[in-house]
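Enquirer: quick one: sequence and predicted model below, then my questions.
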Amino acid sequence: MTETAWRLYILRTARGVLYTGITTDVTRRFALHQNGKGAKSLRGKGPLEMLFHTAAGDRASASRLEYRVKQLTRQQKLRLVAEQPPCLSDWLRLVKGD
């Protein structure tokens with residue numbers, strides 16, 4: 001049995017608030033958020049913009065990465081979006097050393 005591939009994503013609301021989440025289907029999850037059926041915190045906050053998404057491994061790994069990204073400052077998250085690193089785990093290790 002193969003494990004489901006999870007992805008981490010970052011969205012921006014119309015007011016510029018950044019939202020971080022995980023999913024197995026970014027396109028489906030984004031559509032749910034856009035239609036007010038995703039996270040309650042995003043309802044009525046559209047239009048939404050997908051800024052970043054990347055592979056996050058299995059469910060446990062994705063949850064750990066999500067927690068680590070949510071601990072970043074807004075500026076660090078914007079830097080992550082700007083840099084679009086190929087490996088999020090490596091990038092987070094480098095940022096921690098800042």
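Expert: Sure, I can see it. Residues are numbered from 1 along each chain as shown.

Enquirer: by mean pLDDT, point me to the weakest helix or strand of the chain.
Expert: helix 88-96 (a mean of 90; mean pLDDT, DSSP states H and E).

Enquirer: let's verify the nearest residue to Lys70 once chain neighbours are set aside: helix, strand, or coil?
Expert: Counting by Cβ to Cβ, 6 or more residues apart in numbering, Lys70 lies nearest to Thr20, which is 5.4 Å off, once chain neighbours are set aside. Every C-beta, even on glycine, is put in place using the N, C-alpha and C of the backbone. Secondary structure for Thr20, judged by DSSP: H, G, I helix; E, B strand; the rest coil, is strand.

Enquirer: surely Thr20 is in contact with Arg68?
Expert: No - counting by Cβ atoms under 8 Å, Thr20 stays clear of Arg68, with 9.8 Å between them.

Enquirer: follow-up on the earlier one: so what's the residue nearest to Lys70 bridging to?
Expert: Ile10 (DSSP bridges).

Enquirer: that one: how many residues sit nearby?
Expert: Using other Cβ atoms under 10 Å, Thr20 has 19 neighbouring residues.

Enquirer: could you check the pLDDT of it?
Expert: pLDDT, Thr20: 98.

Enquirer: do Asp98 as well
Expert: Here, the pLDDT recorded for Asp98 equals 58.
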